[in-house]
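> fold the stuff below for me.
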Amino acid sequence: MASYVWRKYADYLYTKWEKTFLWDMVEPYRRPKSFTPVVVTYVAAFYTGVIGAAVTEQLYKEKYWEEHPGKAVPLMKPKFYGGPWRVMGGEIPRYE
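Below is the predicted model:
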């Protein structure tokens, strides 16, 4: 029984080596992998972030206008910036 197992294992290793050898010879003639899925994913992620930032900023402006009608909306504090931040604001100029 043990010799059978060893023979099967040896056959497995030999065929594995044959496959590796064959594919190593064919590899230089293969087409390169396409970057299209990567590019599509990155573009989709970028525009998702842009749309998310726009929606967040619009909700911030609407909330500020409800609490401070007639005032200019100050810039929104960045989410991932922990440094010093000065908010500027003032009245909205009215042209009548």
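
> what is the neighbour count of Thr20?
The burial metric for Thr20, expressed as a neighbour count using other CB atoms under 10 Å, is 10. All C-beta spots, glycine's among them, are computed from the backbone N, C-alpha and C.

> for Ala2, same thing?
By the other CB under 10 Å criterion, the neighbourhood of Ala2 contains 6 residues.

> check the spacing between it and Glu62 real quick.
In this structure, Ala2 and Glu62 are 77 Å apart, going by CB to CB, to the nearest Å.

> ok now do the residue nearest the centre of the chain, which residues does it touch?
The residue at the geometric middle of the chain, judged as the C-alpha nearest the mean C-alpha position with CA atoms, centre = their mean, is Ala45 (5.0 Å). For Ala45, no residue meets the contact criterion (CB atoms under 8 Å, 6 or more residues apart in numbering).

> and the longest helix for this protein?
With residue count as the measure and DSSP state H as the assignment, the chain has helix 36-67 as its longest helix.

> buried stuff in stretch 59-79?
Tyr64 (16 or more other CB atoms under 10 Å).

> any idea how far the helix or strand of the chain with the lowest mean pLDDT is from the middle of the chain?
Scoring the helices and strands of the chain by mean pLDDT, DSSP states H and E places helix 2-26 at the bottom, with a mean of 78. Helix 2-26 has its C-alpha centroid displaced from the chain centroid by 41 Å (CA atoms, centre = their mean, to the nearest Å).
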